[in-house]
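Colleague: coordinates for the following, if possible.
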Amino acid sequence: MTFFYNNEQLDKLGNEILEATWAEFPQLACHQIALSWIVYDPPVPVNTGGALSAEEFWKHQVRGFSYRGMERIDPAGIASLFYLVAIEEWLENNMIPHSGELDRAIKEMMVNSSNDALGFVVDMLSGTTSGHELTSGPLATWKFQRNIINRYFQSLGWPELESININQKIWSDSPYGRERVFFGELGENRNLLTTNATLRLLHSIIGGVAVSPTRSQQMMALLKRTLEPTQSSSEGFLGASLPQEAQLWSKAGWNTQVRHDAAYIELPSASPYLLVVFIEGETNSTNQDILPFVSQQVVAAMIKA
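Modeller: Numbers count the residues shown, from 1 in each chain. Now for the predicted structure:
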């Protein structure tokens with residue numbers, strides 16, 4: 001059973017938002033967008049500073065809407081959200097030593113979307129390093145070690161995570177050596193996430209039950225974004241069309257083929273909500289208006305929701 005339930009009102013609003021988006025951006029095909037959206041009605045079970053236990057938190061089903069929510073899509077930098085939770089789990093359980101360099105990498109990965117920092121975090125998570133090609137025996141061991149990240153997420157037992165693959169670094173050009181072999185000639189082992197999987201992971205962070213309440217609060221601090229016009233990091237993403245009084249916690253991801261955003265949003269006059277939108281296609285990935293338009297439609301819908 002999923003952690004959110006379908007709601008007739010949100011189904012209607014969600015479909016209206018999609019229709020409006022396709023009308024505004026006719027180049028965006030129906031199969032080039034995936035969207036997952038949940039609303040936190042009172043009493044709000046999230047952003048409580050860890051007031052609820054994990055057991056109590058997961059009893060609170062929330063209403064939601066999903067379109068292509070289980071379609072596996074290249075997540076680009078959204079992968080860092082998963083690596084963040086994993087590295088905090090490793091630290092919490094003393095599986096790796098704490099260090100200033102690791103703190104620096106985590107911050108750069110989340111705040112400045114550094115792929116170099118993400119690669120360092122992946123190495124710390126898996127005990128692997130990039131390098132020359134390996135013979136079959138050492139390569140099998142290397143692959144097993146790298147896949148510890150997938151095994152961790154599978155161990156959570158969430159149905160939304162069953163189909164994901166999260167074991168790759170992000171490259172500005174192309175992987176080489178053992179990384180290329182692991183990635184696959186056609187990218188068959190590339191990172192693949194869904195909007196539903198991303199939604200649930202972010203839901204657990206905002207709910208204070210990802211790893212621990214304290215770790216969840218630390219992760220939220222890394223996701224906090226400013227909406228000040230002169231400092232905004234959300235241009236071209238979901239935060240760009242929010243009112244200045246709104247509060248935003250988010251992680252975006254983009255490359256030449258995709259543009260994504262996952263955001264928890266608190267509005268001054270509506271219920272808080274979580275929104276994850278994945279956009280695919282070379283033309284769409286460079287369009288900085290699609291995600292803000294979707295966000296604007298959702299804000300308007302929240303007044304009705």
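
Colleague: tell me where the protein has strands.
Modeller: Along the chain, the stretches classed as strands by DSSP state E are 4-6, 33-39, 62-67, 224-225, 247-254, 258-266, 273-280.

Colleague: tell me what angle the last one forms with strand 62-67.
Modeller: Calculated by axes from the mean of the first three to the mean of the last three Cα atoms, to 10 degrees, strand 273-280 forms an angle of 10 degrees with strand 62-67.

Colleague: same question, the fifth one
Modeller: Taking the same axes, to 10 degrees, one finds that strand 247-254 is oriented at 30 degrees with respect to strand 62-67.

Colleague: contacts for strand 247-254 next, please.
Modeller: Taking contacts as Cβ atoms under 8 Å, 6 or more residues apart in numbering, the residues outside strand 247-254 that touch it are 75-81, 110, 113, 202, 206, 220, 223-227, 234, 237-239, 242, 259-266, 285. For every residue, glycine as well, the C-beta is placed using N, CA and C.

Colleague: got it, and the second one?
Modeller: Contact with strand 33-39 is made by 4, 10, 14, 17-18, 21, 62-69, 71, 73, 194-196, 198-199, 203, 271-280, 294, 298, 302, 305, as judged by Cβ under 8 Å, 6+ apart.

Colleague: work out the gap between it and the centre of the chain.
Modeller: Relative to its parent chain, strand 33-39 has a centroid offset of 12 Å by Cα atoms, centre = their mean, to the nearest Å.

Colleague: in its sheet, which strands sit next to that strand, and in what direction?
Modeller: According to DSSP bridges, strand 33-39 forms sheet pairs with strand 62-67 (antiparallel), strand 273-280 (antiparallel).

Colleague: deepest of the ones you listed, which one?
Modeller: Here the criterion is mean neighbour count by mean count of other Cβ atoms under 10 Å, and of these the winner is strand 273-280, at a mean of 25.

Colleague: for Gly119, what are its contacts?
Modeller: Contacts of Gly119 by Cβ under 8 Å, 6+ apart are Ser130, Lys169, Ile170.

Colleague: buried residues in the lowest-mean-pLDDT helix or strand in the chain?
Modeller: Lowest on mean pLDDT, DSSP states H and E among the helices and strands of the chain sits helix 54-57, with a mean of 91. For helix 54-57, the neighbour count (16 or more other Cβ atoms under 10 Å) marks Phe57 as buried.

Colleague: likewise for stretch 108-119?
Modeller: Buried-residue list, stretch 108-119, by 16+ other Cβ under 10 Å: Glu108, Met109, Met110, Val111, Ser113, Ser114, Asn115, Ala117, Leu118, Gly119.

Colleague: of the residues you listed, which pair is most distant in space?
Modeller: Farthest apart among the buried residues of stretch 108-119 by Cβ to Cβ are Val111 and Gly119. That separation is 16.2 Å.

Colleague: columns mean pLDDT and distance to Ile87 on top of the strands of the chain, output as TSV?
Modeller: Output for those, formatted as TSV (pLDDT from 0 to 100; distance: least, Cβ to Cβ, whole Å):
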stretch	mean pLDDT	distance to Ile87
strand 4-6	94	27
strand 33-39	98	24
strand 62-67	97	27
strand 224-225	96	18
strand 247-254	97	14
strand 258-266	98	18
strand 273-280	98	21
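
Colleague: mind checking how far Ser130 is from Glu108?
Modeller: Separation of Ser130 from Glu108 (Cβ to Cβ, to the nearest Å) stands at 18 Å.
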